[in-house]
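In: Just the structure for this:
(chains A and B)
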Amino acid sequence: MSQIKARDSRLKRFLRQRETGLVLVIIALIALVSLRNPNFSSLSNLQFILGDTSIMIVLALGMMCVLLVGSIDISISGIMALGAMTAGIVMKNNLVQPEAADALRTSTPLILLILISMGVGALCGAINGLLISYGKVLPIVATLGMQYIIYGTSHVISGGQAVYRKDMSEAFIQFTRGSFLGLNSKVWIMLAAFIILYLFITYTKAGRHLYAVGSNREAAQMSGIKPETATLNAHIIMGALAGLAGMMYASHDNKVTQDMAMGYEMYVIAACVIGGVSVTGGSGKILGVLLGALTIGVINNGLTMLRLTGNSEFWKKAIQGAVILIAVVTNVLISRGHRRRVLRERRI
Amino acid sequence: MSANTKNGLKIPAWLKRREWLLVVLVVLTYLFFNSQAPSIYTFPKLLNQTRVYMVDVGFMAMGILLVLILGDIDISVASIAALSATVMSVTYNAGKGIPFGLSIILMLLVGAACGLVNGLLITKFKELFPMIITLATSTLYRGIAYIILKDQSAGSFPSWFARDLGYGSINILGLEFPIMLLCLLGFIPFYHVWLHHTVSGRYLFAVGTNLTASRYSGLKTDRIKLTAFVVNAMFAAVGGFFLTSRTGSVKYTIGTGFEMQAIAVAILGGASTSGGKGSVPGLLLALILLTALKNGLMLLYNDAFILNLAVGLLLILVVLIPNITSSLNARRNVRRQRMSLAKT
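Out: Below you'll find the predicted structure:
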């Protein structure tokens, strides 16, 4: 190893990192789309993409934790809906200050709403985690069942009624519309989540345990780590972040519906895979996840901006799957080439 | 072992099977809803409703079962059903006098092609898990159906397809059996014999239980996987066929969410996503259970979300209960062994 390090220049090593490759891919995609639609690379559009992708990044951060311990969560869209719906009902019915005057209705403090949503999310995540770690139910089965249950619960507590803009507090509507230093508030929330999670996963014991359990469960157990606790932690983090993302999604859309965000989990898992997180657990970098989600964000936005036909949404819907498939497969081919090169260099 | 001799009665192995739990649940569900709504929840009416809840999902679940036995998963079955049904209806309605039989063959071929793409991607790119690949191809296939049909729907089929198969029934012993259901029930014995009693069926279990060992003992595991995905996709196409005959027209959104229902049926019936497990009788019982439950809930609440909630609860409980009882048993055995060691 030391020989390779000595031989390779620092620049070369930097260029061979997966994250560098992803940045290059993102730049290439932006350049390609800009050829057809120059507006795409304008600063305002790039800011828009970043803001738009923030929700996915927040979810992908949580999904990374879950994938690291070798688990998976496909109930996140349900958790988003349930968290936002609970907060929305609290807001709509003004449960916190029932005696307030009509003008002051929907005046529940924003931070309380966010905490409610994140709390509900964490609770759902904890149920997922308990089922998986102590109930020994396979992650896909447990979260698939929970997906049904959570959407059903969200329907039952809402009585089939959506929460619309008129029932929302001004603070909640402005939650994703403010901007600071030219960046949308969603981006700041995402950055905060990113930094906290980075610190957690790099410098705390519980964070390192996620990697340990995912890469070798038995060895981790022998060295005194409780795999059950690590799995539970990962799912609770995922749930809380999904609750937060649900609030961002609801505020962005100006409405909370019972079947909100259905199918969103697919993009989140794809973002993690493109970002280099292994689905079997144990490996993955947080920066890669951020860039993977950005790649999908650029693809989604780029497909709209390409205007291949008059009705752009049509083509977007049709070729999204193909584009994601190509991205994921290219990713594998690149990493195979990388591994082969490493092997070749080691042999000499 | 000591527990059995102490109690003096030994439970035979065939009574310990998971299927009995399902049988008990089916009976309980039927009795519960029958007592709640005695006039509308009756056996003949339930039999008539099987065409809505049982046949199309049943065929998809039979395909999914093969993939689950291998330890893989396929989320694209509903999209394959939509795409192949689209191809069937569009070729038949193209107005060039294509016979319906040819359209059906084309439908099966499209299904097989979709399965081939899935299988090739999965066997060539083992780093990417079947879940990720089929998530992507699921959007892709439905996208192709969207390109073909746009927002329109294609209808007008031969009368035997839309009327007789979709809504016809045959009187057997005074009960009206839907023709669709008879197709499913007539096919299942062959499927059972193939999966459980032939060499090629047992290969699936071998590969699913231990991939490396099967490869070292000379099985072509990649080819088996590829075949399973193709067969699975053809089952999905057949599911789409029955779905179309029931609804009478095809839109690109047809069968959305059916993949999860099919997976749920297979898992309820004893399959596991980690592979090597699954049984056809279990699958059939799970189908009957879900039909009885969904029909009852629909009659009482008429709400798709409550129905899904119940399905989710059932799915988790049926998987969780055997896990908990077996871990409790294991713990009790350990304690008993410790005590007997302490005595000596």
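In: C-alpha only now, for contacts and for neighbours.
Out: Will do.
In: where's residue 111, which helix or strand?
Out: Picking chain A for this. helix A:110-133 (DSSP states H and E).
In: meant chain B actually
Out: Assigned by DSSP H and E, B:G111 falls in helix B:100-124.
In: tell me what that helix is packed against?
Out: Packing partners of helix B:100-124 (3 or more C-alpha pairs under 8 Å, 6 or more residues apart in numbering or on different chains; DSSP states H and E): helix B:77-92, helix B:130-149, helix B:221-247.
In: and for stretch A:78-91, what are the contacting residues?
Out: With C-alpha atoms under 8 Å, 6 or more residues apart in numbering or on different chains as the test, stretch A:78-91 has contacts from A:96, A:106-108, A:113-114, A:116-121, A:124, A:147-148, A:150-151, A:153-154, A:157-158, A:163, A:167-169, A:239, A:242-247, A:250, A:256-262.
In: for stretch B:87-97, same thing?
Out: Outside stretch B:87-97, the residues that reach it (C-alpha under 8 Å, 6+ apart) are B:98-100, B:103-104, B:106-107, B:110, B:145, B:154-157, B:250.
In: Pull out the buried residues from stretch A:171-189.
Out: A:A171, A:F172, A:I173, A:F175, A:T176, A:L183, A:N184, A:S185, A:K186, A:V187, A:W188, A:I189 (16 or more other C-alpha atoms under 10 Å in any protein chain shown).
In: Just the terminal-to-terminal distance for it.
Out: Terminal residues of stretch A:171-189 lie 15 Å apart, using C-alpha to C-alpha, to the nearest Å.
In: Need the residues that contact it.
Out: A:Q47, A:L50, A:G51, A:S54, A:I55, A:P109, A:L110, A:R165, A:M248, A:S251, A:H252, A:N254.
In: isn't the second one right next to A:I296, touching?
Out: It refers to A:L50. No: look at A:L50 against A:I296 with C-alpha atoms under 8 Å: they stay out of range, at 11.1 Å.
In: The residue of the stretch 1-150 of chain B found nearest chain A and A:V279: what is the separation?
Out: Among all residues of the stretch 1-150 of chain B, B:G143 sits closest to chain A, at 3.8 Å; criterion: C-alpha to the nearest C-alpha. Applying C-alpha to C-alpha, the value for B:G143 to A:V279 is 26 Å.
In: go on, B:L314?
Out: For B:L314, the distance to A:V279 - C-alpha to C-alpha - is 27 Å.
In: Up against chain B, what does the stretch 51-200 of chain A have?
Out: Residues of the stretch 51-200 of chain A found near chain B (C-alpha under 8 Å from any C-alpha of the partner chain) are A:131, A:135-138, A:140-142, A:144-153, A:155-156.
In: Of all residues in the stretch 151-300 of chain B, which one is closest to chain A?
Out: B:T273 (7.2 Å).
In: So that residue lies in a strand, does it not?
Out: No: applying DSSP: H, G, I helix; E, B strand; the rest coil, one finds B:T273 to be coil, outside a strand.
In: Got the phi and psi for it?
Out: phi -70, psi -10 (degrees, to the nearest 10).
In: That one: neighbouring residues, count only.
Out: B:T273: 23 surrounding residues under other C-alpha atoms under 10 Å in any protein chain shown.
In: so who does A:M260 touch?
Out: Counted by C-alpha under 8 Å, 6+ apart, A:M260 has contacts A:S77, A:G78, A:M80, A:A81.
In: quick check: longest helix of chain B.
Out: helix B:304-343 (DSSP state H).
In: Equivalent analysis for chain A, please.
Out: Counting by DSSP H, the longest helix found in chain A is helix A:312-347.
In: tell me the angle that one makes with helix B:130-149.
Out: 150 degrees (axes from the mean of the first three to the mean of the last three C-alpha atoms, to 10 degrees).
In: When B:L314 and A:V279 are compared, which one has more neighbours?
Out: Just comparing B:L314 and A:V279: by other C-alpha under 10 Å the higher neighbour count belongs to A:V279, 25 against 19.
In: which residue packs closest to the more buried one, ignoring adjacent ones?
Out: Leaving aside its sequence neighbours, A:V279 sits nearest to A:L67 (C-alpha to C-alpha, 6 or more residues apart in numbering or on different chains; 5.7 Å).
In: ok so, going back, could you pick out the buried ones from the residues of the stretch 51-200 of chain A next to chain B?
Out: Counted by 16+ other C-alpha under 10 Å, those give A:131, A:135-138, A:140-142, A:144-153, A:155 as buried.
In: wait, A:I296 sits on A:A271?
Out: Yes: contact status for A:I296 versus A:A271: in contact at 6.4 Å, counting by C-alpha under 8 Å.
In: and the two? which has more neighbours close in?
Out: Each of A:I296 and A:A271 has its neighbours counted (other C-alpha under 10 Å); A:A271 has more, 32 against 23.
In: Helix or strand: which one has the more buried one?
Out: Going by DSSP H and E, A:A271 is in helix A:264-274.
In: which parts of the stretch 151-300 of chain B sit against chain A?
Out: B:M260, B:I267, B:T273, B:S274.
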